[in-house]
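Undergrad: Here's my sequence, what's the structure:
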Amino acid sequence: MKKTKTFIVSMILIAVASISLGCGQSSSYIDGTYEGSSDSGMHAGLKVSVVVTEGKISEVTVVEHSETDGIGTVAIEPVTEAIVETQSTDVDSVSGATKTSTAIKEAVDAALAQAQ
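TA: The predicted structure follows:
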């Protein structure tokens, strides 16, 4: 009975580890500077510049936008920093600036599609 429990627990741990490894973003990108845009913000035309160094996102900059100062613009710094930190656009949106947050993430995704 003890061997059976040990075996079952071991198999569950192996399965969980395998699933976890499969879910991670393991792609590396081609070095360079890429631009992307999105019209999903409160106002159309948000553009970003994404710098990839050594296969990783090293910088995200919003280079053009028409978002409302003090409302939509509050999302720019925290979202771009979170993307660089997590190496993913799967980051939280800023409360009160959800549309701008979404536009930034979409624009970065568009830029990274060119870096594949």
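Undergrad: just checking, residue 45 touches residue 37?
TA: Yes. The pair residue 45 / residue 37 is scored as a contact, 6.9 Å apart, by C-beta atoms under 8 Å. Just so you know, the C-beta spots here come from the backbone N, C-alpha and C atoms, and that holds for glycine as well.
Undergrad: neighbour-wise, which of the two wins?
TA: residue 37 (18 against 13; other C-beta atoms under 10 Å).
Undergrad: Could you find the closest non-adjacent residue to that one?
TA: residue 47 (4.5 Å; C-beta to C-beta, 6 or more residues apart in numbering).
Undergrad: so the one you found bridges to which residues?
TA: Applying DSSP bridges to residue 47 yields these beta-bridge partners: residue 37, residue 64.
Undergrad: what's the spacing between it and residue 54?
TA: Going from residue 47 to residue 54 by C-beta to C-beta, to the nearest Å gives 24 Å.
Undergrad: For the two, indicate the residue with more neighbours.
TA: Set residue 47 next to residue 54 and count neighbours by other C-beta under 10 Å: residue 47 wins out with 17 against 8.
Undergrad: Can you check what pLDDT the model gives the more buried one?
TA: Listed pLDDT for residue 47 reads 98.
Undergrad: if I pick it, what's in contact with it?
TA: For residue 47, the contact set (C-beta atoms under 8 Å, 6 or more residues apart in numbering) comprises 35, 36, 37, 62, 63, 64, 65, 107.
Undergrad: and the second one, how many residues sit next to it?
TA: Using other C-beta under 10 Å, residue 36 is surrounded by 21 other residues.
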